[in-house]
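Student: Build me a model from this:
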Amino acid sequence: EGKKITDADSFIVERLQETGNLLKAYDYKHSYPYSERDKKPVIYRTTEQWFINVDHDDLRGRALVEIGQVRWVPSSGKARITAMVEKRPDWCISRQRTWGVGIPIFFGVPSGEPVYDQEVFERVAQLVEEKGSGAWFEASIEDILPQGYKHPKTGETEFRKETDVLDVWLDSGVTHFAVLQQKYDPNWSELSWPADLYLEGSDQHRGWFNSSLTTGVALADAAPYKSVLTHGFVLDEKGEKMSKSKGNVVDPIAASDKYGADILRYWAASVDYTGDVPCGETLFKQAGEHYRRIRNTLRYLLSNLYDYDAGSAPEIIESIDRWAVDRTEALEIKCCEEYDAYDFNGALTLIHNSCARELSQFYLDALKDRMYCEAKDSQERRSGQAACHAILLKLTRLIAPLLPHTAEEVYAKTPHSDRKLSVMMEVIEPSESPVPDEAGFGALIDFRERLFAELESWKSKSGIKDSQDVFVKATVTAETAELLMSFGDELPNLLRVSWIEIAEGDEIRYEFSESPYLRCERSRLRRPDVEEVNGVPLTARDRRVLGW
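Tutor: Predicted coordinates:
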């Protein structure tokens, strides 16, 4: 007694030797737990503790049944927590610390017999409710127990308070009771028990998920959550655990300041969170490139709406505009399915690919001529604007859960007939699955990509840089020829070439040459109908718009 625990070994050896009971003393190096924080050996002490008997009233068995009623994301979480519950020992809920929530137990003096009295528990509960959890330590025994109180079992009238505190996992494990059942805060009045979702790291199968399940089954005979989502941990770019001592920690505030919060969020949404994920400068830069494709698509859509009146919007008339909106509605349905499955990378990939391929590379590219060169109030231009507006609203709502700052910025600048205070107050309501014209425009995109692959190779050799200066002769199958001819005089614009002639054949061939037609000074198009008017080359459309 009175000696440091680290010095005890030598004293014990000396005493054994003094009493003649020492057989042998020697140094032995063996495995022993060390603290992660200070790298020093962990000291074990044998003390009295409080436990929850997990087999009382078949608590363990009932908890295992409830695990099967919960949706686990990923599904491997079910097996993990099942193993934890099946093998867990009784739950030690007491801790020897100077802070925490006290255990409301009095002991008789001198017997040491604990007091189990519902009336006493209720008095402590009321005291804590009025003055906070610290009141248990601050109040005297006389302030809590009724005057003349006697121990129910021993009859003693002298008592001492328990000095141990509750395990913090018990504190966190009953938060569902405080928030969803008792609703201690008025703002929680609309919340219902059980929770829709618990979300935490994969280590919480042993911690919060486990303690919440145990208390939920004990208090309400059911799991306190409908779904549980678990994620891995963030590593450095080399796949090593982040540590202050290694100096490889990525500060999210610093990363947000440097790259932007939404790029940090883009990275987080793009990784497979079900396992541990690498993080670092290179990955942020890649996320930034992908993010800007989405942002630039939104910017272009928005730029076409500067004179658009959302309150008197026209019906979308042009077939390609209808197709683009239908494709976005189909995207909306698929994204919502991914969100429902908590597959954020799946949703983000769908959005990114739609912006990069169908919108930027095809639809918006083909739309430019109408937006810039058709008459301001023409049916063709207003139809394109209506499509841009519908697509922009849908995309803004879809990115809001992942890129909220970008979504809020776009939403504030978008024309609205019923603007909410925030995009977060909008509701994503996918319509019944539309049927985009995949046999038409979808097949056209595939043809366009094959054509461009051949064209890029030819351009590098010919020295011609702009595809609008290229005349194309394409030999294709009868089926493809019928498809291409169905687009009429709009086909060159959809393919972004000067002009194209279609021929049928058994073998697909492309012939490229410099366009023989004049370039329109207004729209920069080279078409057969370009004629000089007052010395200025103009297409028939541009002459009509200008009234020449």
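
Student: so how far is Gly201 from Thr349?
Tutor: Distance from Thr349 to Gly201, counting by Cβ to Cβ, to the nearest Å: 24 Å. All C-beta atoms are positioned from the backbone trio N, CA, C, and that covers glycine.

Student: got it, and Phe284?
Tutor: If you measure Phe284 against Gly201 using Cβ to Cβ, the figure is 22 Å.

Student: what do you get for Glu122?
Tutor: 37 Å.

Student: These two: which is more packed in?
Tutor: Comparing Glu122 with Gly201 by neighbour count (other Cβ atoms under 10 Å), the higher total belongs to Gly201, at 14 against 11.

Student: Low-confidence stretches in this protein?
Tutor: Counting by pLDDT under 70, the chain shows low-confidence ranges at 433-438.

Student: Counting neighbours, what do you get for Arg88?
Tutor: Neighbour count of Arg88, defined by other Cβ under 10 Å: 14.

Student: Quick check: closest non-adjacent residue to it.
Tutor: Distance criterion Cβ to Cβ, 6 or more residues apart in numbering; nearest residue to Arg88, sequence neighbours excluded, is Val54 at 6.3 Å.

Student: Would you double-check that the one you found falls in a strand?
Tutor: No: looking at Val54 with DSSP: H, G, I helix; E, B strand; the rest coil, it is coil, so not inside a strand.

Student: Would you confirm that it contacts Arg60?
Tutor: Yes: applying Cβ atoms under 8 Å, one finds Val54 in contact with Arg60, separated by 4.8 Å.

Student: can you list residues touching both of the two?
Tutor: Common neighbours of Val54 and Arg60 are listed as Arg88 (criterion: Cβ atoms under 8 Å, 6 or more residues apart in numbering).

Student: mind checking which helix or strand Arg448 is in?
Tutor: Counting by DSSP states H and E, the element that carries Arg448 is helix 443-462.

Student: so what does that helix touch, helix or strand wise?
Tutor: When contacts are defined as 3 or more Cβ pairs under 8 Å, 6 or more residues apart in numbering; DSSP states H and E, helix 443-462 packs onto strand 470-476, helix 478-485, helix 491-495, strand 509-514.

Student: Quick one: name whatever helix or strand follows the shortest one.
Tutor: Using DSSP H and E, the helix or strand that follows helix 491-495 towards the C-terminus is strand 499-504.

Student: That next one pairs with which strands, and in what direction?
Tutor: Strand pairing for strand 499-504, determined by DSSP bridges: strand 470-476 (parallel).

Student: For Val427, which residues are in contact?
Tutor: The contact partners of Val427, by Cβ under 8 Å, 6+ apart, come to none.

Student: Helix, strand, or coil at it?
Tutor: Here Val427 is coil, with the state taken from three-state DSSP.

Student: contacts for stretch 440-451?
Tutor: Contact with stretch 440-451 is made by 319-320, 323, 357-358, 362, 436, 472, 474, 476, 480, 483-484, 486-487, 494-495, 510, as judged by Cβ under 8 Å, 6+ apart.

Student: Selecting buried members of those in ChimeraX, what would you type?
Tutor: When burial is assessed using 16 or more other Cβ atoms under 10 Å, the buried subset of the contacts of stretch 440-451 is captured in ChimeraX by this command:
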select :320,323,358,362,436,472,474,476,480,483,484,487,494,495,510
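
Student: Buried ones in the helix holding Arg448, by neighbour count?
Tutor: Taking 16+ other Cβ under 10 Å as the basis for neighbour counts, the residues of helix 443-462 that come out buried are Leu444, Ile445, Phe447, Arg448, Leu451, Phe452, Glu454, Leu455, Lys459.

Student: same check, this time on stretch 342-355
Tutor: Applying a neighbour-count criterion of 16+ other Cβ under 10 Å, the buried positions in stretch 342-355 are Tyr342, Asp343, Phe344, Gly346, Ala347, Leu348, Thr349, Leu350, Ile351, His352, Ser354, Cys355.

Student: In strands only, show me those residues.
Tutor: Secondary-structure check on the buried residues of stretch 342-355 using DSSP state E: no residue lies within strands.

Student: As TSV, the residues you listed with distance to Glu531 would be great.
Tutor: What follows is the buried residues of stretch 342-355, written out as TSV (distance: Cβ to Cβ, whole Å):
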residue	distance to Glu531
Tyr342	60
Asp343	55
Phe344	54
Gly346	52
Ala347	50
Leu348	49
Thr349	47
Leu350	45
Ile351	44
His352	43
Ser354	39
Cys355	38
